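Engineer: the following comprises the amino acid sequence and a computationally predicted model.
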Amino acid sequence: MGHRVIRSESTGSLRGTRATAGCLALIALIALAGCGGGGGYSGDPADPPAGPPPPTPPSQAELFQFLNQATFGVTEAEGQSVIDLGFEAWIDRQMQQPASLQLPHLRSLPRPQVVAQLQGDRIDVWFRNVLWGPDQLRQRVAFALSEILVVSQVGALQQAPYSLAGYYDTLAQNAFGNFRDLIEVITLHPAMGVYLSMLGNQRPDPSRNIRPDENYARELMQLFTLGLVDLETNGTEKLDAQGDPISTYSEEVIEGFAHVYTGWTYAGAANFNQARRNDTNQTVPMQLYPSFHDTGPKTLLNGVTLPPGQTGVQDLQDALDNIFAHANVGPFIATRLIERLVTSNPSPEYVARVATMFNDNGDGVRGDLGAVVKAIFLDAEARSTATSTTSGKLKEPLLRLTQLWRVYNARSANGEYRVRSPSAIFGQGPLQSPSVFNFFSPFYAPPGEIRDAGLVAPELEIATEYQNTVLTNFFYSQIFRYNSQSPGLRNSDIVINIDEEVALAADTDALIDRVADKLLAGQISDTLRTETRGIVDQTPTTDAAARAAEAIFFIASSPEFARQH
């Protein structure tokens with residue numbers, strides 16, 4: 001499937017980009033759609049009466065909440081689509097959208113002598129896809145999966161941009177497929193093979209001091225599928241008779257899986273030892289070289305032992321089936337996806353409802369990720385706009401950026417999104433995690449009120465004083481220096497459109513309302529409104545662009561914008 005460079009024709013904001021016509025367009029649309037026609041049926045009595053009135057469309061707050069969970073930021077066009085279809089039908093339509101891909105774009109570019117230079121192009125096309133791809137839900141879920149099933153440019157894959165692009169495409173293409181299929185394709189993907197050293201793993205040879213590498217065997221269970229302790233369906237820990245957690249697996253099981261993952265390396269070589277990475281084989285499934293696979297018996301989970309003499313392919317199939325069948329997988333994946341998409345502290349009941357859907361989608365199918373994703377977003381806990389100490393989450397820095405860019409229709413004249421070292425600026429970048437443990441731990445709880453309450457806030461692990469300063473400075477430059485009113489812009493500059501705000505700049509309250517509508521669904525606190533008004537009013541009304549930028553920057557850098565409700 002060829003990559004498409006998406007050039008959205010939407011305005012880039014929930015309300016539009018023209019002050020005269022777009023200011024209250026969506027609110028008016030919501031209000032009109034929710035109004036009755038007035039009076040009773042007055043047509044020909046012979047004609048059948050109209051059916052029941054359409055359901056009340058979502059409020060502005062409900063639209064923002066849903067789209068900030070399910071996309072990379074609210075736009076008017078996407079909001080209109082949700083109003084037209086409703087939440088469930090919008091999800092169904094999004095699931096039918098083909099994946100916007102990265103690898104075909106990289107393949108279309110001239111290969112530089114230093115292939116690592118293509119990492120910048122990989123990040124550029126990631127931004128293009130997540131900002132303007134029509135498959136917003138697919139891209140959002142792929143991003144969540146990339147933070148669970150982690151591989152990274154940092155380390156051995158620095159020289160493998162094609163492999164990383166292909167891996168991300170794999171996540172996007174399988175985002176709504178079956179989890180059993182997904183763990184197989186990532187297991188055999190060379191990016192994972194290199195990153196967690198399954199690629200080139202050999203059967204034991206004591207005479208040469210060769211033992212199967214246990215890295216992938218351990219991480220597939222610990223981080224990608226099961227966790228360290230047995231779980232109830234609601235994600236809470238199972239306890240033994242002494243009240244202690246029960247370990248999910250033993251060292252013997254790790255060794256058993258390590259022996260399963262032997263004999264696989266880059267495809268297409270004359271033999272195992274001659275397999276070397278090239279631009280083609282780093283993107284296709286690894287190949288089994290049978291003479292390097294251990295054919296002995298292997299201890300797996302739940303007392304299962306693979307018999308000796310099986311092929312490497314059969315061993316792999318049986319081993320992945322063994323993991324997939326484990327009772328932990330449903331609550332583990334349900335919890336991780338809910339945390340990445342909706343809330344850092346889901347209730348056990350929420351986890352149980354989603355895990356139950358993982359275990360059986362209603363048609364007897366286990367591991368249906370499409371059904372799981374729908375269950376996550378349509379759950380009453382996800383759709384409630386009530387705020388509490390456990391609702392919502394801190395937005396990841398990249399999601400704060402994409403939301404700002406989408407709502408203000410950020411574009412460059414040359415169509416590129418060149419962000420130098422996003423991981424240095426935002427503490428994260430596409431497939432740029434510092435380790436297999438992701439940018440932050442799902443168990444991180446900062447000292448103080450959050451930890452004392454038994455809650456977690458994973459994203460706060462990278463919200464250091466330094467990182468927050470760098471991020472705020474980036475937002476300042478973007479909003480003040482690279483906007484539609486800025487002089488001397490270059491073709492490569494990513495520019496936000498603030499024309500609507502400039503048209504309102506003389507009226508401080510109207511300006512604040514407009515920015516708050518776009519960034520906060522109009523839900524701005526009295527404190528933030530007062531502080532924003534104070535900073536805007538310090539700027540002369542003759543400098544409309546500066547007044548507009550002050551309002552946008554003050555709200556975009558506020559804690560209220562940083563929280564996903």
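Structural biologist: Received, thanks.
Engineer: low-confidence ranges in the protein?
Structural biologist: Applying pLDDT under 70 to the chain picks out residues 1-55.
Engineer: run through the strands of it in chain order.
Structural biologist: 264-265, 287-288, 298-299, 305-306, 393-394, 563-564 (DSSP state E).
Engineer: helices or strands next to the fifth one in the packing?
Structural biologist: In terms of contacts (3 or more C-beta pairs under 8 Å, 6 or more residues apart in numbering; DSSP states H and E), strand 393-394 is packed against strand 563-564. Glycine gets a C-beta too; all of them are placed from N, C-alpha and C.
Engineer: ok now the strand it packs on, how far from the chain's centre?
Structural biologist: For strand 563-564, the separation from the chain centroid amounts to 15 Å (computed by C-alpha atoms, centre = their mean, to the nearest Å).
Engineer: and what of stretch 127-141?
Structural biologist: 9 Å.
Engineer: which residues are contacting it?
Structural biologist: 4-8, 69-72, 78, 91, 94-95, 97-102, 143, 172, 175-176, 337, 341, 369, 373, 402, 405-406, 410, 415-417, 419 (C-beta atoms under 8 Å, 6 or more residues apart in numbering).
Engineer: what do you get if the cut-off is 7 Å, keeping everything else the same?
Structural biologist: 5-8, 70-72, 78, 91, 94-95, 97-100, 102, 143, 172, 175, 373, 402, 405-406, 417 (C-beta atoms under 7 Å, 6 or more residues apart in numbering).
Engineer: same question for stretch 467-483.
Structural biologist: 397, 425-427, 493-496, 498, 549, 552-553, 556-557.
Engineer: okay, the strands of the chain, which one's buried deepest?
Structural biologist: strand 264-265 (a mean of 27; mean count of other C-beta atoms under 10 Å).
Engineer: just checking, what packs against that one?
Structural biologist: When contacts are defined as 3 or more C-beta pairs under 7 Å, 6 or more residues apart in numbering; DSSP states H and E, strand 264-265 packs onto strand 287-288.
Engineer: adjacent strands (with direction) for the strand it packs on?
Structural biologist: strand 264-265 (antiparallel) (DSSP bridges).
Engineer: list the contacts for Pro206?
Structural biologist: Pro206 touches nothing, counting by C-beta under 7 Å, 6+ apart.
Engineer: and the longest helix for the protein?
Structural biologist: helix 465-481 (DSSP state H).
Engineer: C-alpha coordinates for that helix, CSV please?
Structural biologist: Presented in CSV, the C-alpha positions along helix 465-481 are these (Å, rounded to 0.1, in the frame of the first residue of the first chain):
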residue,chain,number,x,y,z
GLU,A,465,12.2,20.8,35.4
TYR,A,466,14.6,20.7,32.5
GLN,A,467,12.2,19.0,30.1
ASN,A,468,9.3,21.3,31.0
THR,A,469,11.5,24.3,30.3
VAL,A,470,12.7,23.0,27.0
LEU,A,471,9.1,22.2,25.9
THR,A,472,7.8,25.6,27.0
ASN,A,473,10.6,27.3,25.1
PHE,A,474,9.7,25.3,22.0
PHE,A,475,6.0,26.3,22.3
TYR,A,476,7.1,30.0,22.8
SER,A,477,9.1,29.9,19.6
GLN,A,478,6.4,28.1,17.7
ILE,A,479,3.6,30.5,18.7
PHE,A,480,5.5,33.8,18.6
ARG,A,481,8.0,33.3,15.8
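Engineer: about what we covered before: can you flag which of the contacts of stretch 467-483 belong to helices?
Structural biologist: Short answer: these in helices (DSSP H) are Pro397, Ile425, Phe426, Ala549, Ile552, Phe553, Ala556.
Engineer: the first one: how many residues sit nearby?
Structural biologist: Using other C-beta atoms under 10 Å, Pro397 is surrounded by 25 other residues.
Engineer: ok, and the closest non-adjacent residue to it?
Structural biologist: Leaving aside its sequence neighbours, Pro397 sits nearest to Phe426 (C-beta to C-beta, 6 or more residues apart in numbering; 3.7 Å).
Engineer: quick one: the one you found and Leu399 touch, right?
Structural biologist: No. The criterion here is C-beta atoms under 7 Å, and Phe426 misses it with Leu399 at 9.6 Å.
Engineer: hmm, back to that, among the contacts of stretch 127-141, which ones are buried?
Structural biologist: Among those, the ones that count as buried by 16 or more other C-beta atoms under 10 Å are 8, 70-72, 78, 91, 94-95, 99-100, 102, 143, 172, 175, 373, 402, 405-406, 417.
Engineer: from the residues you listed, which land in helices?
Structural biologist: Per DSSP H, the buried ones among the contacts of stretch 127-141 map to helices at Ala70, Glu78, Ile91, Gln94, Met95, Phe143, Ala172, Val373, Thr402, Trp405, Arg406.
Engineer: relative to Leu341, how far out is the closest residue to the fourth one other than its chain neighbours?
Structural biologist: Read it as Gln94. Using C-beta to C-beta, 6+ apart and skipping residues adjacent in sequence, the residue nearest Gln94 is Leu137, 3.7 Å away. As judged by C-beta to C-beta, to the nearest Å, Leu137 and Leu341 stand 10 Å apart.
Engineer: neighbour-wise, which of the two wins?
Structural biologist: Leu137 (25 against 19).
Engineer: report the separation between that one and Asp92.
Structural biologist: 10 Å.
Engineer: again with Gly243
Structural biologist: 45 Å.
Engineer: between those two, who's got more neighbours?
Structural biologist: Comparing Gly243 with Asp92 by other C-beta under 10 Å, the one with more neighbours is Asp92, at 14 against 6.
Engineer: I figured Glu62 hits Thr385, correct?
Structural biologist: Yes. Under the contact definition of C-beta under 7 Å, Glu62 touches Thr385, with a separation of 6.1 Å.
Engineer: helices of the stretch 251-400 of the chain, start to end?
Structural biologist: With helices called from DSSP state H, counting those that start in this stretch, the stretch 251-400 of the chain shows them at 251-260, 312-324, 329-341, 348-359, 369-378, 380-383, 397-407.
Engineer: to Lys518, which of the ones you listed lies closest?
Structural biologist: helix 397-407 (4.9 Å; C-beta to C-beta).
Engineer: elements contacting the closest one?
Structural biologist: helix 118-132, helix 422-426.
Engineer: now Ser384, nearest residue through space, not along the chain?
Structural biologist: Per C-beta to C-beta, 6+ apart, closest to Ser384 is Ser391, 7.2 Å.
Engineer: does the one you found really touch Ser344, like I thought?
Structural biologist: No. Using C-beta under 7 Å, Ser391 is not in contact with Ser344, being 9.5 Å away.
Engineer: which of the two has more neighbours?
Structural biologist: Ser344 (23 against 20).
Engineer: ok, the closest residue to the more buried one other than its chain neighbours - contacts?
Structural biologist: Using C-beta to C-beta, 6+ apart and skipping residues adjacent in sequence, the residue nearest Ser344 is Lys393, 4.3 Å away. Counting by C-beta under 7 Å, 6+ apart, Lys393 touches Thr343, Ser344, Glu459, Gln564.
Engineer: can I see the domain layout of the protein?
Structural biologist: 103-383, 395-432+464-564 (automatic domain parsing).
Engineer: please tabulate these in CSV, including the columns distance to Glu449.
Structural biologist: As requested, the domains of the chain are exported to CSV (distance: least, C-beta to C-beta, whole Å):
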stretch, distance to Glu449
domain 103-383, 13
domain 395-432+464-564, 14
